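**Student:** mind looking at a prediction? Sequence and model below.
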Amino acid sequence: MATKIIWLLRSGLALGLAVSALGFGLLPLRQSSAAVTGGVHPGPMSRAQAYARAEALTELGRKMFFDSSLSASGMQACASCHDPHHGFAPASATPIEMGGPHMDQPGLRAVPTLRYLQAVPSFTEHFYDSEDEGDESVDNGPTGGLTWDGRVDHGYDQAKIPLLSPFEMGNKDESQVVASLSKAAYAGDFKEIFGQDVFGNAGDAFQGAVEALSTFEQSGADFYPYSSRYDTFLAGKGTLTAQELHGRELFEDPAKGNCSSCHLSEPANDGEPPQFSDFGFLGLAVPRNMAIPANNDPDYHDLGLCGPQRTDFKDRPEYCGLFRTPTLRNVALKKSFFHNGYFHSLRDVVSFYATRDSDPGRWYPKNADGTIRKYDDIPEAYWGNLNQDPPFGRKPGDPPALTESEIDDIVAFLGTLTDADQLPGPEQRAAH
């Protein structure tokens, strides 16, 4: 926590400043209260005050994160879907979670992790990487933003989504959230930070709530510890096995896995640990998951960047079928993969990459006449948007991009990306 505060203060930003470069951003603490939310936010602060406020907001956000009373059902907390023991991703293997006032409303997408979101940049339709060793004039296309379709940029906007979603925590409006907050055991802490009369203005109180949640979700020890074996290896303080090292080579080899073309595995030019994502958008043609109730409607398609949950690009067919590249940190903990949770095995995920086009019958259903219904979750009009870079782009019957043993090696390497706090304890290791 102290490291985070020092970093923010050195950059001239007290905790709470909109940090667009981190993809989160909290409300400015140095604006006048009238310019923000009617007295909820303080004016100029000393370094000690900023530190104390950051600590208080983090602890308040932590309490809220685990509080199921903030949901309309009284049964669902943020932690219900973002389990801290599973890298702040779901503990279950179900592709979607149930929510709503009666916990009977199915979601539409797999729940992503909340770890390592601090480095996600704000969404831009045209991204030029100034740190790229190549041509800086190359447009890398849509990049950044939070959620699978990048429709919000900041942590406080992301925090609003589950609180008010009809198939998540199910509150009908901000006032319902605030009413629950006013009855919480930590209501006194909330008033201590935001003012004794804060619950008299639902808008102010709700903004304070999402500020606290997003502050907690930026706490380094919880959300970006960089404590994996791979981090230790990069720091020169640890080793990887021969299999893991070979897996890393395959992961980075453009002619083999080519994974690092999107899941960046080297430290940034400024020495920041690798995020294992370039935050760009790709079309991968993951098979349609009929375990998602919405997919029972043959006319329904989740097309990511062009909708239906994101609406500003709904008339941009060149963006249909594209989803933001997630980080691979803690990926070995996951029990469902991709935006629709179709896969439940990391080995199957790597195998899909290696054989999507060379052996489509392995992954896609067949039509009545026996032909393969390739890319069955993407209307054919958008097939031109699908990624064809290696290991994709092969023809049916071609040898796969990776052998079975090479797939095993990549999976072994991905296992080194699990944070230390997520690994089994000494007793569990002994039992294994």
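**Tutor:** Sure thing, it's come through.

**Student:** what number of residues lie near Q388?
**Tutor:** Close neighbours of Q388, defined as other Cβ atoms under 10 Å, add up to 11. Bear in mind the C-beta positions are built from the backbone N, C-alpha and C, glycine included.

**Student:** that's a helix at it, yeah?
**Tutor:** No: Q388 is assigned coil when assessed by DSSP: H, G, I helix; E, B strand; the rest coil, not a helix.

**Student:** what's the distance between the residue nearest to it when sequence neighbours are not counted and A285?
**Tutor:** Computed as Cβ to Cβ, 6 or more residues apart in numbering, the closest residue to Q388 that is not its neighbour in sequence is D357, at 7.9 Å. Distance of D357 to A285, computed by Cβ to Cβ, to the nearest Å: 9 Å.

**Student:** next, count neighbours for R347.
**Tutor:** With other Cβ under 10 Å as criterion, R347 counts 14.

**Student:** quickly find the element holding it.
**Tutor:** Taking DSSP states H and E as the definition, one finds R347 inside helix 346-355.

**Student:** mind listing residues that contact that helix?
**Tutor:** 257, 259, 286, 331-332, 334, 337-338, 343, 362-363, 391-392, 400-402, 407-408, 410-411, 414 (Cβ atoms under 8 Å, 6 or more residues apart in numbering).

**Student:** gap between it and the chain center?
**Tutor:** Computed by Cα atoms, centre = their mean, to the nearest Å, the chain-centroid distance of helix 346-355 equals 21 Å.

**Student:** buried ones in that helix?
**Tutor:** 346, 348-355 (16 or more other Cβ atoms under 10 Å).

**Student:** cool, stretch 262-281 as well?
**Tutor:** Across stretch 262-281, burial judged by 16+ other Cβ under 10 Å covers 262-265, 273-281.

**Student:** stretch 390-399 too?
**Tutor:** Buried residues in stretch 390-399 (16+ other Cβ under 10 Å): 390-392, 394.

**Student:** next SSE after the longest helix anywhere in the chain?
**Tutor:** Taking DSSP state H as the criterion, the chain has its longest helix at helix 47-65. Counting by DSSP H and E, the next helix or strand C-terminal to helix 47-65 is helix 78-81.

**Student:** identify the residues contacting that next one?
**Tutor:** Counting by Cβ under 8 Å, 6+ apart, 64-66, 68, 90, 97, 111, 162, 168, 213 sit against helix 78-81.

**Student:** quick check: buried residues in stretch 311-323?
**Tutor:** Applying 16+ other Cβ under 10 Å to stretch 311-323 flags 313, 319-323 as buried.

**Student:** including secondary structure, could those go into CSV?
**Tutor:** CSV is the format used below for these (three-state DSSP):
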residue, secondary structure
F313, coil
Y319, helix
C320, coil
G321, coil
L322, strand
F323, strand
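
**Student:** and which of these is nearest G236?
**Tutor:** Proximity to G236 was ranked across those by Cβ to Cβ; first place goes to F323, at 35.3 Å.

**Student:** give me the pLDDT for the residue lying closest to the closest one once chain neighbours are set aside.
**Tutor:** Once flanking residues are discounted, F323 sits nearest to G304: 4.2 Å by Cβ to Cβ, 6+ apart. We have a pLDDT of 98 for G304.

**Student:** beta partners for G304?
**Tutor:** Using DSSP bridges, the bridge partners assigned to G304 are L322.

**Student:** what residues are up against it?
**Tutor:** Counting by Cβ under 8 Å, 6+ apart, G304 touches 148-149, 281, 283, 310, 319-324, 339.

**Student:** got the domain boundaries for the chain?
**Tutor:** As assigned by automatic domain parsing, the chain contains the domains 2-223, 229-431.

**Student:** now the longest one: how far from the chain's centre is it?
**Tutor:** Put plainly, it is domain 2-223. With Cα atoms, centre = their mean, you get 13 Å for domain 2-223.

**Student:** again, but for stretch 295-303
**Tutor:** 23 Å.

**Student:** now swap in stretch 364-384 and tell me
**Tutor:** Taking mean C-alpha positions (Cα atoms, centre = their mean), stretch 364-384 and its chain are 28 Å apart.

**Student:** now it: mean pLDDT?
**Tutor:** In this model, stretch 364-384 has an average pLDDT of 97.

**Student:** pLDDT-wise, which helix or strand of this protein ranks last?
**Tutor:** Using mean pLDDT, DSSP states H and E, helix 33-36 stands out as the lowest-scoring helix or strand of the chain, at a mean of 27.

**Student:** what residues are up against G144?
**Tutor:** 23, 120-124, 127, 150, 153, 279, 324.

**Student:** rerun that using 7 Å as the cut-off
**Tutor:** 23, 120-124, 150, 279 (Cβ atoms under 7 Å, 6 or more residues apart in numbering).

**Student:** scan the residues you listed and report the most crowded one.
**Tutor:** Greatest neighbour count in these, by other Cβ under 10 Å, goes to G150: 28 neighbours.

**Student:** would JSON lines of the buried residues of helix 346-355 with pLDDT and distance to G107 be doable?
**Tutor:** Converted to JSON lines, these look like this (pLDDT from 0 to 100; distance: Cβ to Cβ, whole Å):
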{"residue": "L346", "pLDDT": "98", "distance to G107": "22"}
{"residue": "D348", "pLDDT": "98", "distance to G107": "22"}
{"residue": "V349", "pLDDT": "98", "distance to G107": "21"}
{"residue": "V350", "pLDDT": "98", "distance to G107": "26"}
{"residue": "S351", "pLDDT": "98", "distance to G107": "26"}
{"residue": "F352", "pLDDT": "98", "distance to G107": "22"}
{"residue": "Y353", "pLDDT": "98", "distance to G107": "25"}
{"residue": "A354", "pLDDT": "98", "distance to G107": "29"}
{"residue": "T355", "pLDDT": "98", "distance to G107": "29"}
